[in-house]
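**Q** sharing a model that was predicted from the sequence below.
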Amino acid sequence: MASAATAPPTPAHLKRIVAASLIGTTIEWYDFFLYGSAAALVFNKLFFPDSDPLVGTLLSFLTYAVGFAARPLGALVFGHYGDRLGRKKLLVVSLLMMGGATFAIGLLPTHATVGTAAPVLLTVLRLVQGFALGGEWGGAVLLVSEHGDAERRGFWASWPQTGAPAGQLLATGVLSALTALISDAAFTSWGWRIPFLISGVLVMVGLWIRLSVDESPVFKDALARAERRKAAQGDVVEKMPLVAVLRHHWRDVLVAIGARMAENISYYVITAFILVYATEQADVSKQTALNAVLIASAVHFAVIPAWGALSDRVGRRPVYLIGAAGVGLWMFPFFALIDTGGFGNLILAVTVGLVLHGAMYAPQAAFFSEMFATRMRYSGASIGAQFASVAAGAPAPLIATALLAEFGGSTWISLYVIAAAVVTLIAVAVAKETRHRDLADVDGEDELGAAPVDRTADAHRV
């Protein structure tokens, strides 16, 4: 039974928690997506100038993928300390790391100035970005999930998820404004640095807001119970949260990884690879492609809370399955609309794709949070989410670009996304519904100690 400390917070307090998580995740996703857009638009020229255009793009996306490789390490480190020390402290650290790395990218010398040192420095900073983001997502969604009203957890926990389209919106908006206001030559020469330097100001705002919120009451209660247990039983040495997760929740980790395949791959194909495909294959201008992503990201932001609220009524799994099936079915129409070159068709293609993506992304925060016990929840949710990023999001633009170079069309790219959708459909279909789980339930806490606890009944507990 939950303690009094875990009673539902006041609406004003909950909104403050949501705002802190949303603003922080928006800034961090802004930093991450800004790199992805720059990789598609200018980094191939600035850091890999000796390659032909398509190979340069591939190399640019390879540094983009390197950031994903660091995310599982970030998930392990941040998850461990987040389950030991709390969610809030680690969220502050992740924000500072991400913002500092992004600001530094804006100051980097290019290949023309320092030669091969330029792509090396770029790669190092990209690794720092990935490490920080690997710890950000789990902490942000848990802070809201563990504060929130259990009956509307899907809705409230979906708000930090809107940080992704909000960050995409902000990054694409800044890039779109710059490309509209200055020439291509000026943008390539110095204009690309401005969005990265803006990150320094945004981080200060996000840091001020994050420092003003409280630690998760569910985590504080679990930590207090652990301290009382230690005092009663003597010098008990707890297992590392990672060890407990892999021993008792490995099936949940696999479900989370499978669930993210279609969600992650489709998102980066729709929002990052499109900047390559639309400009090189459909002869659409860079400005037009950016504007289409900008408009679609605004719609994406609006529909995520709606999908989250629906998951509170019908369950996480049904909504997730709608999104996975929908994205798979949409891929052939998606590329067919882009091939027409029309701006309206481009907007329609990206918007429908992101609306369907939102059906997976919205319930994901509550779904993953509800899979794990409190003292290993940060580790479990982060590991499942971020290890999937290495297999899914990291190579997605790279694989799509390689398929385009090899086959010269979109058929195999569509089949690639459809295959990911099938994996996600299977993973979510075999998962248990988690909508009614109580995050304050003490079941599972002893998994950090000597004896594991059977939590299979949790899926049916109201």
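**A** Alright, I've got the coordinates. Residues are numbered from 1 along each chain as shown.
**Q** so where do the helices sit in the stretch 51-200 of the chain?
**A** Counting by DSSP state H, counting those that start in this stretch, the stretch 51-200 of the chain has these helices, from start to end: 53-69, 71-85, 87-105, 111-114, 117-147, 153-161, 163-181, 184-186, 193-210.
**Q** other SSEs contacting the second one?
**A** Going back to what we said before, that points to helix 71-85. helix 87-105, helix 117-147, helix 241-248, helix 377-391 (3 or more Cβ pairs under 8 Å, 6 or more residues apart in numbering; DSSP states H and E). All C-beta atoms are positioned from the backbone trio N, CA, C, and that covers glycine.
**Q** quick one: that helix to helix 241-248, angle?
**A** Using axes from the mean of the first three to the mean of the last three Cα atoms, to 10 degrees, the direction of helix 71-85 lies 100 degrees away from that of helix 241-248.
**Q** can I get the CA coordinates of helix 71-85 in CSV?
**A** Extracted in CSV, the C-alpha atoms of helix 71-85 (Å, rounded to 0.1, in the frame of the first residue of the first chain):
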residue,chain,number,x,y,z
ARG,A,71,23.4,6.2,-24.8
PRO,A,72,23.4,2.7,-23.3
LEU,A,73,26.5,3.7,-21.2
GLY,A,74,24.7,6.8,-20.1
ALA,A,75,21.6,4.6,-19.3
LEU,A,76,23.8,2.3,-17.1
VAL,A,77,25.6,5.0,-15.2
PHE,A,78,22.6,7.4,-14.8
GLY,A,79,20.3,4.5,-14.0
HIS,A,80,22.6,3.2,-11.3
TYR,A,81,23.0,6.5,-9.5
GLY,A,82,19.4,7.5,-10.2
ASP,A,83,18.2,4.4,-8.4
ARG,A,84,20.7,5.0,-5.6
LEU,A,85,20.7,8.8,-5.2
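**Q** just the buried positions in it, please.
**A** Neighbour counts over helix 71-85 (16 or more other Cβ atoms under 10 Å) mark 71-72, 74-84 as buried.
**Q** what's the closest of the helices of the stretch 51-200 of the chain to G315?
**A** helix 153-161 (8.9 Å; Cβ to Cβ).
**Q** mean pLDDT for the helices of the stretch 51-200 of the chain: which is lowest?
**A** Across the helices of the stretch 51-200 of the chain, helix 53-69 has the smallest mean pLDDT, namely a mean of 69.
**Q** which one of the buried residues of helix 71-85 is nearest A324?
**A** R71 (21.6 Å).
**Q** what sits against the closest one?
**A** Contact partners of R71, counting by Cβ atoms under 8 Å, 6 or more residues apart in numbering, are G130, F131, L133, G134, Q386, S389, V390.
**Q** the closest residue to it other than its chain neighbours - how many residues pack around it?
**A** Of all residues not flanking R71 in the chain, G134 sits nearest, at 3.5 Å (Cβ to Cβ, 6 or more residues apart in numbering). G134 has 30 neighbours, counted by other Cβ atoms under 10 Å.
**Q** return the residues in contact with the closest residue in space to L143 that isn't next to it in sequence.
**A** Sequence neighbours aside, R87 is the residue nearest to L143 in space, at 4.8 Å (criterion: Cβ to Cβ, 6+ apart). If you count contacts by Cβ under 8 Å, 6+ apart, R87 has them with G139, L142, L143, E146, E215, S216, F219, Y378.
**Q** now which of these would you call buried?
**A** G139, L142, L143, E146, E215, S216, F219, Y378.
**Q** I'd say L122 and F48 touch.
**A** No. Look at L122 against F48 with Cβ atoms under 8 Å: they stay out of range, at 9.9 Å.
**Q** among those two, which residue is more densely surrounded?
**A** The residue with more neighbours, out of L122 and F48, is L122; 26 against 22, by other Cβ under 10 Å.
**Q** from the contacts of R87, pick the one nearest L346.
**A** G139 (35.6 Å).
**Q** can you show me the helices along the stretch 351-462 of the chain?
**A** Along the stretch 351-462 of the chain, counting by DSSP H, counting those that start in this stretch, helices occupy 377-391, 396-407, 411-430.
**Q** export those as JSON lines, with columns for mean pLDDT and distance to V205.
**A** Shown next, in JSON lines, are the helices of the stretch 351-462 of the chain (pLDDT from 0 to 100; distance: least, Cβ to Cβ, whole Å):
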{"stretch": "helix 377-391", "mean pLDDT": "87", "distance to V205": "25"}
{"stretch": "helix 396-407", "mean pLDDT": "88", "distance to V205": "30"}
{"stretch": "helix 411-430", "mean pLDDT": "96", "distance to V205": "35"}
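**Q** winner for burial among those helices?
**A** Of all the helices of the stretch 351-462 of the chain, helix 377-391 has the most neighbours on average by mean count of other Cβ atoms under 10 Å, namely a mean of 27.
**Q** packing partners of that helix?
**A** Judged by 3+ Cβ pairs under 8 Å, 6+ apart, helix 377-391 is in contact with helix 53-69, helix 71-85, helix 117-147, helix 241-248, helix 250-268, helix 343-369.
**Q** closest to T172 out of those?
**A** Taking Cβ to Cβ, helix 343-369 is the member of those nearest to T172, at 10.8 Å.
**Q** so what angle separates the directions of the closest one and helix 117-147?
**A** Per the same axes, to 10 degrees, the angle that helix 343-369 makes with helix 117-147 is 60 degrees.
**Q** elements contacting helix 343-369?
**A** Judged by 3+ Cβ pairs under 8 Å, 6+ apart, helix 343-369 is in contact with helix 117-147, helix 153-161, helix 250-268, helix 286-314, helix 316-339, helix 377-391.
**Q** centre of the chain to the fifth one, how far?
**A** What that stands for is helix 316-339. 19 Å (Cα atoms, centre = their mean, to the nearest Å).
**Q** highest mean neighbour count out of the helices of the stretch 51-200 of the chain?
**A** Of all the helices of the stretch 51-200 of the chain, as judged by average neighbours under mean count of other Cβ under 10 Å, the leader is helix 153-161 with a mean of 28.
**Q** what does that helix contact?
**A** With Cβ under 8 Å, 6+ apart, helix 153-161 has contacts from 14, 18, 21-22, 25, 140-141, 143-145, 148-149, 304-305, 307-312, 316, 361-366, 369-370, 435, 439.
**Q** and what of stretch 94-105?
**A** 24, 27-28, 31-32, 34-35, 74, 78, 122, 125-126, 128-129, 131-133, 135-136, 139, 196-197, 199-200, 202-203, 206-207, 210.
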